[in-house]
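Q: sequence-free structure coming up:
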């Protein structure tokens, strides 16, 4: 035999155990159900795209973090770093056959070669939902409402949906320093929450003069100083700093459409520090943050991108969307609070009492599965202690016994594995009904 290869993981990547993966897939199922409830349709896009497609509007750190290489045909390709840019390419390719507005959702992996951190990996799963072909405030509002419903479905406690508009800071900077590097200033503002006041002023000062720096600081102070006056009060304060602008007008319209719609109305907070990192955002932007796990950062975010589709098509189509970082949530729970109680295994296990009855076990299992019961069959007649240990590790709640004696009587014995309560002398139909009633 040849030498063995050392089993090891690439830095920044991770395996998902069944306990983690069942939670992740449960969350994805819930999020997809929410999107379906809003009328969104599923699509799928490839993991690989031409590099120039992905880099057309990546901007900032994304260009540095992209996994890019040449394939065997010499093509310059890259792994997608999110699901939004591939969506823009998808719409450009399929525009003639799509209904407009086009509402889509997608779950899938993305890759970024960023420095690994706690809870952040180079390969991760996202859930996205977008509306293409509508520039209406109603679509902005629907995206926020969808995001709030998704956050509610994660069942992770109180949350806030912090919203802003890129034109707010854009108008302020154009008013005070039209020559300033707006994109660079936005990147600084996007990281303001992690900076001290002195660090923020210094970082802003690298790109503009003192008057503009003070105006930006005044803008960022509005969400704290006027929070007690509600979103309308914060917007009034923002307008006093910035002056009338498209961004403030759109945010007022979104608030008027929100009304008392829950859970969004209670969670929505105007916060001018929200910028988002990608350069393709052009309008409303937002982030969803968990009150009980602030260290996780944003678990759901997005915004409006009115120029992205035009990079790949002569047809100009507005877009607005949201994304949930499912992996970030799941791994934060695993490390800090504990995963929710979602069983990874089945509902019922057939214990193997006699290898000669293997065909009967398969017949019984097929009947149970046809009744909607997730059924496992232990493959060999090992000692019952080993079979019980297997069922306990998978937290399977019911066990079915069928030996030669049960075969002669035409019965089965059902056991509740947690309480050890037994139900002997049942017909298979009766056992199925008991399990179905319990699950």
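A: Alright, I've got the coordinates. The model shown is predicted, which means the values in this text are computed figures rather than measured ones. Numbering: from 1, shown residues only.

Q: C-alpha only now, for contacts and for neighbours.
A: Fine.

Q: what about residue 5, neighbour count?
A: 6 (other CA atoms under 10 Å).

Q: confirm it sits in a strand?
A: No. Using DSSP: H, G, I helix; E, B strand; the rest coil, the assignment for residue 5 is coil, not a strand.

Q: what does the pLDDT read for it?
A: Per-residue pLDDT puts residue 5 at 92.

Q: got it, and residue 297?
A: For residue 297, pLDDT reads 66.

Q: so which helix or strand takes in the nearest residue to residue 304 once chain neighbours are set aside?
A: Leaving aside its chain neighbours, residue 304 sits nearest to residue 320 (4.1 Å; criterion: CA to CA, 6 or more residues apart in numbering). Following DSSP states H and E, one finds residue 320 within strand 319-325.

Q: what mean pLDDT does that strand get?
A: 92.

Q: any idea how far residue 422 lies from residue 434?
A: Relative to residue 434, residue 422 is positioned 12 Å away (CA to CA, to the nearest Å).

Q: which parts of the stretch 1-150 of the chain are helices?
A: Listed in chain order, the helices of the stretch 1-150 of the chain (DSSP state H, counting those that start in this stretch) span 18-37, 51-55, 60-65, 84-94, 137-154.

Q: and the average pLDDT for the first one is what?
A: Regarding helix 18-37, the rounded mean pLDDT is 92.

Q: and the angle for it with strand 319-325?
A: If you take axes from the mean of the first three to the mean of the last three CA atoms, to 10 degrees, helix 18-37 sits at 160 degrees to strand 319-325.

Q: which strands and helices lie in contact with helix 18-37?
A: Helix 18-37 makes packing contacts with strand 102-111, strand 123-132, helix 137-154, helix 326-332 when contacts are defined by 3 or more CA pairs under 8 Å, 6 or more residues apart in numbering; DSSP states H and E.

Q: before we move on, back to that, what's the closest of the helices of the stretch 1-150 of the chain to residue 356?
A: helix 18-37 (31.5 Å; CA to CA).

Q: what does that closest one contact?
A: Residues from elsewhere that reach helix 18-37 (CA atoms under 8 Å, 6 or more residues apart in numbering): 41, 105, 107, 127, 129, 146, 149-150, 153-154, 326-327, 330-331, 334, 339-340, 342-344.

Q: 6 Å instead?
A: Contacts to helix 18-37, defined as CA atoms under 6 Å, 6 or more residues apart in numbering, come from residues 150, 344.

Q: for that helix, list every residue counted as buried.
A: Buried residues in helix 18-37, counted by 16 or more other CA atoms under 10 Å: 19, 20, 22, 23, 24, 27, 28, 31, 32, 34, 35.

Q: read off the pLDDT value for residue 390.
A: 94.

Q: my read is it is in a helix, agree?
A: Yes. Counting by three-state DSSP, residue 390 is located in a helix.

Q: any idea how many residues pack against it?
A: Residue 390: 14 neighbours (other CA under 10 Å).

Q: domain parsing for this protein?
A: Recorded structural domains for the chain (assignment: automatic domain parsing) are 18-337, 348-438.

Q: out of those domains, which gets nearest to residue 3?
A: domain 18-337 (28.8 Å).

Q: returning to what we had before: just flag the most distant two among the buried residues of helix 18-37.
A: 19 and 35 (25.1 Å).

Q: any stretches of the stretch 301-439 of the chain with poor pLDDT?
A: Residue ranges of the stretch 301-439 of the chain with pLDDT under 70: 336-337.

Q: ok, the stretch 101-250 of the chain next?
A: 116-119.

Q: could you dump the buried residues of helix 18-37 into JSON lines with distance to residue 368 added?
A: Converted to JSON lines, the buried residues of helix 18-37 look like this (distance: CA to CA, whole Å):
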{"residue": "19", "distance to residue 368": "24"}
{"residue": "20", "distance to residue 368": "26"}
{"residue": "22", "distance to residue 368": "22"}
{"residue": "23", "distance to residue 368": "24"}
{"residue": "24", "distance to residue 368": "26"}
{"residue": "27", "distance to residue 368": "26"}
{"residue": "28", "distance to residue 368": "27"}
{"residue": "31", "distance to residue 368": "29"}
{"residue": "32", "distance to residue 368": "28"}
{"residue": "34", "distance to residue 368": "30"}
{"residue": "35", "distance to residue 368": "32"}
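
Q: of those, which is the nearest to residue 301?
A: Closest to residue 301, out of all of the buried residues of helix 18-37 and judged by CA to CA, is residue 31, at 13.9 Å.

Q: now that closest one: how far from residue 150?
A: Distance, residue 31 to residue 150, using CA to CA: 6 Å.

Q: and residue 425, what element?
A: Using DSSP H and E, residue 425 maps to strand 421-426.

Q: just the buried positions in that strand, please.
A: Applying 16+ other CA under 10 Å to strand 421-426 flags residue 426 as buried.

Q: what's it packed up against?
A: strand 412-416 (3 or more CA pairs under 6 Å, 6 or more residues apart in numbering; DSSP states H and E).

Q: any idea how far the strand it packs on is from the middle of the chain?
A: Distance of strand 412-416 from the chain centroid (CA atoms, centre = their mean, to the nearest Å) equals 40 Å.

Q: circling back: got a markdown table for the domains of the chain, with distance to residue 5 too?
A: Putting these into a markdown table (distance: least, CA to CA, whole Å) gives the following:
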| stretch | distance to residue 5 |
| --- | --- |
| domain 18-337 | 23 |
| domain 348-438 | 30 |
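
Q: okay, those domains, which one's buried deepest?
A: domain 18-337 (a mean of 18; mean count of other CA atoms under 10 Å).
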